[in-house]
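Participant: The following comprises the amino acid sequence and a computationally predicted model.
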Amino acid sequence: MLCPYIGRIASVIDGLRAIVGADFVANSDRGRAFTVDGMTPQCVASPATVDELRRCVAAIGEADGALIPIGNGSRL
């Protein structure tokens, strides 16, 4: 049986792509560049506007997901 979270993660990633565009959502190999303390995110979205950011936060919250803001990439 597949993990029930796989479908939910895929759905969130699709939603983020719809919000910011596929070119601005990194996952798998591209997402490894954002590894912090050995933890690799499922995806990394790069919203260009405050509205895109708001919509990304809402989509992740609705899916009961975790959000780690990285700002200018300092990874603090």
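Facilitator: Structure's in. What do you need?
Participant: quick one: the strands in this protein?
Facilitator: 25-27, 43-45 (DSSP state E).
Participant: Which strands border the first one, and is each parallel or antiparallel?
Facilitator: Same thing as strand 25-27. With DSSP bridges as the test, strand 25-27 is paired with strand 43-45 (antiparallel).
Participant: what does the partner strand rub up against?
Facilitator: 9, 12-13, 16, 19-20, 24-27, 30-31, 34, 56, 70 (Cβ atoms under 8 Å, 6 or more residues apart in numbering). Placement of C-beta: from N, CA and C, glycine included.
Participant: hmm, back to that, give me whichever of the strands of the chain is most buried.
Facilitator: strand 43-45 (a mean of 21; mean count of other Cβ atoms under 10 Å).
Participant: who's in contact with Ile19?
Facilitator: By Cβ under 8 Å, 6+ apart, Ile19 lies in contact with 45, 47, 52, 55-56, 59.
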